[in-house]
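In: Using only what follows, build the 3D model:
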Amino acid sequence: MADNSGKILKSIRPGKIALPIIIGFIVTGYLLYNEFDPSVLDNMSFTLQSLFWFFVSFLMMAIRDFGYIIRIRLLSAQKLSWRKAFNIVMLWEFTSAITPSAIGGTSVAIFFLNKEGIKIGRSTAIVMVTSFLDELYFIITFPLILLFIGRTDIFAFGDSIEAGLPFYKNQFFMFALLGYFLKLAYTIVISYGLFFNPRGLKWLLLWIFKLPIIRRWRPHANESGSDLISASLEFKSWSFKNWMKAFFATALSWTARYWVVNTLVLAFFGFSFLSWDDHILIFGKQLVMWIMMLVSPTPGGSGFAEWVFKEFLSNMIPLGTGVAMAFMWRLVSYYPYLIIGAIVVPKWIKKHFVKS
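Out: Residues are numbered from 1 along each chain as shown. Okay, here's the model as predicted:
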């Protein structure tokens, strides 16, 4: 970990916030230039009620972060203070916002935890369990939403879907299904390693990484296997009550994050615009959007996220308002982490790496 400190610090430098902001504004500007019609403003209302729901949107994100803080304190056995837990969550979110994918994210999160006084073994365990809980929420919620909604337009993307089209004929359903089973497979593997046979899973990883095409990453597989064993020893003895608390905090975080879009719809169009079923549909659409955003090549999905958001909601909101909605969504759920990170990161680095 010490050998990677310089590389990790370089990867989280605040100067990196410029790229995702530039990409996001370029894509938003391009979409507005091509699609904006001043008459669409007639479909949108800006009242005191709008300000209230904008406030609720930011409150949803605060609830999301609060859930993460509760979870990380619980997983650290309360060894992290509220302030330290807040710093770690903000640093973690900032890192996610300036990197194009999860590559290297695990080591960075472990690094943050370790610098806040958590031993490497437990830091690794905490990061692995958070990943497990996040995926568990998705694999439980996604089928429940499909059953509850019972509508094929959850996968509507732009003008690409016809009314009544069966699930199996929808390319976006197949894409989401593939992503779901990949997440399910990952969760099963992590569950097996965490709770039943971590050494056996490590042996399997090392055996797989003997293949010539991936042999160069065998040392990393060995390290991951050792981390898995440490995680298993840390959490195998956890009580059912603790697991329920951790999962509830996870569910609170993700649910609050997804409801941001619903509160923005209420801010722009009011209560009478969409029914309760439509709001549940919007919630479900975001599960599909999340799968697509995982493959974005840009930092934090910047640019790609705005486009996907606009396309997925195009059949539910007035024509031409999708770009404005997408920008407001990112303004609430993405850009604040860039700003907070730019404030927290220098202070955190000074505290842990600059001697008096």
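In: name the helices or strands packed onto the helix or strand hosting Gly341?
Out: Gly341 is located in helix 335-353, with elements delineated by DSSP states H and E. Helix 335-353 is packed against helix 5-11, helix 18-35, helix 82-98, with contacts defined by 3 or more C-beta pairs under 8 Å, 6 or more residues apart in numbering; DSSP states H and E. The way it works is simple: take the backbone N, C-alpha and C, and place the C-beta from them, glycine included.
In: and that helix, how far from the chain's centre?
Out: On the basis of C-alpha atoms, centre = their mean, to the nearest Å, helix 335-353 is displaced by 20 Å from the centre of the chain it belongs to.
In: Buried residues of that helix, list them for me.
Out: For helix 335-353, a neighbour-count test (16 or more other C-beta atoms under 10 Å) marks 335-338, 340-341, 344-345, 348-349 as buried.
In: got it, and stretch 190-206?
Out: 190, 193-194, 198, 201-202, 204-205.
In: again with stretch 247-257
Out: For stretch 247-257, by 16+ other C-beta under 10 Å, it's 247, 249-257.
In: Now Trp259: closest residue in space, sequence neighbours ignored.
Out: Met60 (5.3 Å; C-beta to C-beta, 6 or more residues apart in numbering).
In: For that neighbour, give me its contacts.
Out: 256-257, 259-260, 263 (C-beta atoms under 8 Å, 6 or more residues apart in numbering).
In: secondary structure element for it?
Out: Judged by DSSP H and E, Met60 forms part of helix 48-75.
In: What of Lys210?
Out: Following DSSP H and E, there is no helix or strand that holds Lys210.
In: What separation is there between it and Gly225?
Out: Counting by C-beta to C-beta, to the nearest Å, the separation of Lys210 from Gly225 is 13 Å.
In: Over to Phe66?
Out: Phe66 is 34 Å from Gly225, where distance means C-beta to C-beta.
In: How about Ile63?
Out: Relative to Gly225, and taking C-beta to C-beta, Ile63 is found at 36 Å.
In: So the residue positioned nearest the centre of the chain, which state does it fall into?
Out: Centroid-nearest residue in the chain: Trp290, 7.5 Å away (criterion: C-alpha atoms, centre = their mean). Following DSSP: H, G, I helix; E, B strand; the rest coil, the label given to Trp290 is helix.
In: which element is the closest residue to it other than its chain neighbours on?
Out: Sequence neighbours aside, Phe138 is the residue nearest to Trp290 in space, at 7.6 Å (criterion: C-beta to C-beta, 6+ apart). Element membership for Phe138 (DSSP H and E) is helix 120-149.
In: Quick one: distance of that helix to the chain centre.
Out: 11 Å.
In: by contact count, what packs against it?
Out: helix 48-75, helix 105-115, helix 171-195, helix 218-235, helix 240-269, helix 276-293.
In: the bottom helix or strand of the protein by mean pLDDT?
Out: When the helices and strands of the chain are compared on mean pLDDT, DSSP states H and E, helix 5-11 comes out lowest with a mean of 61.
In: any idea how far Asn87 is from Lys351?
Out: Computed as C-beta to C-beta, the Lys351 to Asn87 distance reads 9 Å.
In: How about Ser232?
Out: Ser232 is 28 Å from Asn87, by C-beta to C-beta.
In: Ile63 and Gly225: who's more crowded?
Out: Neighbours per residue, other C-beta atoms under 10 Å: of Ile63 and Gly225, the larger number sits with Gly225, 21 against 18.
In: where does the closest residue to that one other than its chain neighbours land in three-state SS?
Out: Distances taken as C-beta to C-beta, 6+ apart put Lys202 closest to Gly225, at 2.8 Å, once the chain neighbours are dropped. The three-state assignment at Lys202 reads helix, by three-state DSSP.
In: OK, contacts around Lys202?
Out: 193, 222, 225-226, 228-229.
In: For stretch 222-238, list the C-alpha coordinates in PDB.
Out: These are the backbone C-alpha positions of stretch 222-238, laid out as PDB (Å, rounded to 0.1, in the frame of the first residue of the first chain):
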ATOM      1  CA  ASN A 222      -3.100 -13.800  -5.400                       C
ATOM      2  CA  GLU A 223      -3.400 -10.500  -3.500                       C
ATOM      3  CA  SER A 224      -7.200 -10.400  -4.100                       C
ATOM      4  CA  GLY A 225      -7.500 -14.000  -2.800                       C
ATOM      5  CA  SER A 226      -5.600 -13.100   0.400                       C
ATOM      6  CA  ASP A 227      -7.900 -10.000   0.800                       C
ATOM      7  CA  LEU A 228     -10.900 -12.300   0.500                       C
ATOM      8  CA  ILE A 229      -9.600 -14.500   3.300                       C
ATOM      9  CA  SER A 230      -9.100 -11.500   5.500                       C
ATOM     10  CA  ALA A 231     -12.600 -10.300   4.800                       C
ATOM     11  CA  SER A 232     -14.000 -13.700   5.600                       C
ATOM     12  CA  LEU A 233     -12.300 -13.800   9.000                       C
ATOM     13  CA  GLU A 234     -13.600 -10.300   9.800                       C
ATOM     14  CA  PHE A 235     -17.200 -10.800   9.000                       C
ATOM     15  CA  LYS A 236     -18.100 -14.500   9.100                       C
ATOM     16  CA  SER A 237     -19.000 -14.200  12.800                       C
ATOM     17  CA  TRP A 238     -21.200 -11.100  12.300                       C
END
